[in-house]
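> Show me the folded form of this:
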Amino acid sequence: MTSHALLHASTFAAAAHSTQVRKNVARTPYINHPLQVAFLISSSLPSESVPIEVLQAAILHDTVEDTAVTLDEIEKTFGARVRRIVDEVSDDKGKNKQERKQAQIDHAPHVSVDAKLADKLANLTDLTTDVPVGWTTERVQEYFVWAKRVTDGCKDANPTLAKQLEELYLSATFVHDGKTHKCHPGYGGGPPPPPSA
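Modelled structure (predicted):
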């Protein structure tokens with residue numbers, strides 16, 4: 001039954017994200033991201049301690065925020081617990097970008113922590129290998145600075161994911177315009193990046 005539940009969520013998410021790609025140069029199919037988030041959660045905890053609904057929600061976590069899928073649809077198809085987790089980790093598109101970013105910092109300690117940490121870990125890891133088209137060096141570094149503020153609010157809930165995030169914040173680099181840059185220059189040495197205008 002567990003495998004059926006995960007395949008159901010995967011099939012649903014794949015259909016919802018079927019026309020979407022990541023913003024990187026490789027234009028990776030979007031579905032790779034939520035599958036990676038679920039994998040990171042599963043890998044970070046003993047298998048018997050990960051509720052199937054948490055993994056389903058990880059796979060579905062961007063469907064409401066980034067597609068036409070509704071929370072009611074999620075609940076009807078996967079149940080109230082999956083709906084609650086998806087809702088907790090979805091940005092409120094009624095707010096502007098800065099309000100949404102601040103809300104993630106404010107709400108991080110109160111949401112489905114495994115999904116939040118794994119989502120950030122997947123996004124940050126991607127930034128170290130394939131910078132999105134149109135992003136500047138400063139934007140990548142600002143994303144790392146902001147992500148750390150989000151994950152600092154909930155890192156104690158999953159030590160394995162927190163350790164992987166800490167390693168990225170301390171030493172991760174990325175290549176942009178032929179130069180190697182520290183992802184979080186203000187952490188573990190170096191000045192913080194200037195705020196964007």
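
> and the lowest-mean-pLDDT helix or strand in the chain, what does it pack onto?
Of the helices and strands making up the chain, the lowest-confidence element is helix 97-107, at a mean of 87, by mean pLDDT, DSSP states H and E. Counting contacts by 3 or more C-beta pairs under 8 Å, 6 or more residues apart in numbering; DSSP states H and E, helix 97-107 packs against helix 137-152. For every residue, glycine as well, the C-beta is placed using N, CA and C.

> residues making contact with the helix it packs on?
Outside helix 137-152, the residues that touch it by C-beta atoms under 8 Å, 6 or more residues apart in numbering are 101, 104-105, 108, 116-117, 120, 123-124, 127, 131, 162, 165, 168-169, 172, 174, 176-177, 179, 181-187, 192-196.

> Stretch 51-66 now?
So stretch 51-66 is contacted by 2, 5-6, 8-10, 12-13, 16-17, 20, 30, 33-35, 37-38, 41-42, 69-71, 74, 78-79, 81-82, 85-87, 89-91, 93, 112, 114-115, 118-119 (C-beta under 8 Å, 6+ apart).

> can you check stretch 103-115 too?
In contact with stretch 103-115 (C-beta under 8 Å, 6+ apart) are residues 37, 41, 44-45, 50, 54, 57-58, 61, 84-85, 88-89, 91-92, 95, 116, 146, 149-154, 157-158, 161.

> Mark which of those are part of helices, please.
Residues of these located in helices (DSSP state H): 37, 41, 44, 54, 57-58, 84-85, 88-89, 116, 146, 149-152, 161.

> List only those of those residues flagged as buried.
Burial by neighbour count, judged by 16 or more other C-beta atoms under 10 Å, picks out 37, 41, 44, 54, 57-58, 84-85, 88-89, 116, 150-152, 161 from these.

> do you know how far the spatially most central residue of the chain is from residue 145?
The geometric centre of the chain, computed from its C-alpha atoms, lies nearest to residue 119 (C-alpha atoms, centre = their mean), at 2.0 Å. Separation of residue 119 from residue 145 (C-beta to C-beta, to the nearest Å): 17 Å.

> Show me how far stretch 138-158 is from its chain's centre.
Its chain's C-alpha centre and that of stretch 138-158 lie 11 Å apart, by C-alpha atoms, centre = their mean, to the nearest Å.

> any idea of the mean pLDDT in it?
When pLDDT is averaged over stretch 138-158, the result is 93.

> which ones are touching residue 184?
Contacts of residue 184 (C-beta under 8 Å, 6+ apart): 141, 144-145, 148, 168-170, 172.

> Just the buried subset of those, written out for PyMOL, thanks.
Entered in PyMOL, the line below selects the buried ones among the contacts of residue 184, by 16+ other C-beta under 10 Å:
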select buried, resi 141+144+145+148+168+169+172
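
> With distance to residue 135 as extra columns, can I get the contacts of residue 184 in a markdown table?
As requested, the contacts of residue 184 are arranged in a markdown table below (distance: C-beta to C-beta, whole Å):
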| residue | distance to residue 135 |
| --- | --- |
| 141 | 10 |
| 144 | 12 |
| 145 | 14 |
| 148 | 18 |
| 168 | 17 |
| 169 | 18 |
| 170 | 22 |
| 172 | 15 |
